[in-house]
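1. Need a 3D model of the sequence below.
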Amino acid sequence: MGLESWLVCGGIWMVCAFCALMFVRGAALGNARSAEIEEEFEEYRARVVPARAPRATHASRSSLPRSAH
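-> Next up is the predicted model:
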């Protein structure tokens, strides 16, 4: 086996190792992010929502519907 064959085999091995590493890291980061999102969602659901303010009416319109005029 010549040097060229070793370089090809080594390059293929490095690409496979890099892909495996990225797959494992990606899977680990995805699970961590999923847990983080769930924690944020629980905080969001626990928040107290203020009461809605009544809608403002324009000064040129009355607050009564058209049919009541």
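2. Now for Gly11, how many residues are close by?
-> 10 (other CB atoms under 10 Å). Every C-beta, even on glycine, is put in place using the N, C-alpha and C of the backbone.
3. That one: what secondary structure?
-> Using DSSP: H, G, I helix; E, B strand; the rest coil, the structure places Gly11 in helix.
4. Can you give me every residue that contacts it?
-> If you count contacts by CB atoms under 8 Å, 6 or more residues apart in numbering, Gly11 has none.
5. Can you check the pLDDT for it?
-> On pLDDT, Gly11 comes in at 96.
6. now swap in Leu7 and tell me
-> 95.
7. Quick one: residues contacting it.
-> Counted by CB under 8 Å, 6+ apart, Leu7 has zero contacts.
8. can you tell me the helix or strand for it?
-> In this structure, Leu7 sits in helix 3-46 according to DSSP states H and E.
9. And Gly26, how close does it get to Ala17?
-> 15 Å (CB to CB, to the nearest Å).
10. Can I get stretch 13-29 as PDB, trimmed to CA atoms?
-> Extracted C-alpha coordinates of stretch 13-29, given in PDB (Å, rounded to 0.1, in the frame of the first residue of the first chain):
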ATOM      1  CA  TRP A  13     -11.700   7.800   8.500                       C
ATOM      2  CA  MET A  14     -11.400  11.400   9.600                       C
ATOM      3  CA  VAL A  15     -14.600  12.400   7.700                       C
ATOM      4  CA  CYS A  16     -16.500   9.500   9.300                       C
ATOM      5  CA  ALA A  17     -15.100  10.400  12.800                       C
ATOM      6  CA  PHE A  18     -16.000  14.100  12.300                       C
ATOM      7  CA  CYS A  19     -19.600  13.100  11.200                       C
ATOM      8  CA  ALA A  20     -20.000  10.800  14.200                       C
ATOM      9  CA  LEU A  21     -18.700  13.600  16.500                       C
ATOM     10  CA  MET A  22     -21.100  16.200  15.100                       C
ATOM     11  CA  PHE A  23     -24.000  13.700  15.300                       C
ATOM     12  CA  VAL A  24     -23.400  13.000  19.000                       C
ATOM     13  CA  ARG A  25     -22.900  16.600  19.800                       C
ATOM     14  CA  GLY A  26     -26.000  17.600  17.900                       C
ATOM     15  CA  ALA A  27     -28.100  15.000  19.700                       C
ATOM     16  CA  ALA A  28     -26.800  16.100  23.100                       C
ATOM     17  CA  LEU A  29     -27.400  19.800  22.300                       C
END
